[in-house]
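**Q** here is my input, please return the structure:
(one chain, ligands or ions: 2)
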Amino acid sequence: MKKPYFPLFVDLSEKKVYVIGAGTIAKRRIRSLTDFTDHLIVVAPEVNPELNGLEQEGKITILRKKFELQDIAEADIVIAATNDHSLNGEIYDYCIEQEILVNVCNDKKKCDFYFPGLAMKDNVVVGVTANGTNHKMARKAVEKIREMLEEWL
Ligand SMILES: C[C@@]1(CC(=O)O)c2cc3[nH]c(cc4nc(cc5[nH]c(cc(n2)[C@H]1CCC(=O)O)[C@@](C)(CC(=O)O)[C@@H]5CCC(=O)O)C(CC(=O)O)=C4CCC(=O)O)c(CCC(=O)O)c3CC(=O)O
Ligand SMILES: NC(=O)C1=CN([C@@H]2O[C@H](COP(=O)(O)OP(=O)(O)OC[C@H]3O[C@@H](n4cnc5c(N)ncnc54)[C@H](O)[C@@H]3O)[C@@H](O)[C@H]2O)C=CC1
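**A** Numbering: from 1, shown residues only. Ligands and ions are numbered 1, 2, ... in the order given. This next block holds a predicted model:
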């Protein structure tokens, strides 16, 4: 059986993190990531309006264009979250070749890391995964943990 993924807590503040796509899924992940870094770069021609606020606050940089591989030449970590699955696959192949950590949101087999459900209170940060087997269960666990942290801390 495949081993579970290890929960590594990483300093993202100086890492170059790129999110490709700015729709429903990307938006949720971008919002989560802005608690951990102010150096987030988003590449997409169509941008969910909620992200304009984060851009105005200086928390993210948005490149409003179709993605090209050269956009991520300097990246440390890439999240491919466009609705074009073949493009997400090309991003994956490039990142593997360049040894850039990559997460493809439509294919759990193309994830060096999984995006966790997050619960945070003060300095306590909890990241939850069901190892790609059950995102609904991950969500339920996160909701319970959030309640528990609210009561406890
Ligand atoms: C493997 C993983 C890889 C990764 O992406 O990192 C992955 C993969 C996939 N998710 C899919 C679908 C959905 N995932 C969600 C929700 C969440 N998904 C999250 C994580 C992960 N999702 C990674 C680890 C999963 C694990 O722990 O087992 C959470 C924890 C974090 C977050 O995303 O913020 C968050 C819950 C917590 C929260 O909400 O707080 C919803 C619900 C919604 O969006 O409201 C739907 C749509 C509704 C539905 O389909 O039921 C599809 C099919 C895509 C398609 O149809 O193309 C794939 C592809 C595949 O499984 O191969
Ligand atoms: N892992 C997860 O939790 C989930 C993953 N998905 C998958 O996530 C993907 C995205 O879904 P949504 O966010 O709902 O889509 P959406 O339609 O809301 O957004 C798509 C985004 O991709 C961008 N895009 C399209 N072509 C592009 C290009 N050439 N260059 C740069 N950006 C481009 C668009 O501009 C838009 O911002 C789908 O592939 C879906 O299968 C869906 C649900 C949950």
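**Q** count the neighbours of Gln98 for me.
**A** Counted by other C-beta atoms under 10 Å, the residues lying close to Gln98 total 13. C-beta here means a position set from N, CA and C on the backbone, and glycine is covered the same way.
**Q** figure out the helix or strand that Ser52 lives in.
**A** Wrong residue type there; residue 52 is Asn, not Ser. Here Asn52 sits within helix 50-56, counting by DSSP states H and E.
**Q** what mean pLDDT does that helix get?
**A** When pLDDT is averaged over helix 50-56, the result is 96.
**Q** give the buried residues for stretch 33-41.
**A** Neighbour-count burial for stretch 33-41, counted by 16 or more other C-beta atoms under 10 Å, picks out 33, 36-37, 40-41.
**Q** among those, which one sits closest to Gly127?
**A** Phe36 (10.6 Å; C-beta to C-beta).
**Q** that closest one is in contact with Ser13, isn't it?
**A** Yes: counting by C-beta atoms under 8 Å, Phe36 does reach Ser13; the two are 7.3 Å apart.
**Q** ok now stretch 130-144, how far from the chain's centre?
**A** Distance of stretch 130-144 from the chain centroid (C-alpha atoms, centre = their mean, to the nearest Å) equals 16 Å.
**Q** swap in stretch 59-71?
**A** Centroid separation for stretch 59-71 versus its chain: 15 Å, with C-alpha atoms, centre = their mean.
**Q** and the residue most central in space within the chain, what helix or strand is that in?
**A** By C-alpha atoms, centre = their mean, the chain has its centre lying nearest to Arg29, at 4.7 Å. Per DSSP H and E: Arg29 is located in helix 24-33.
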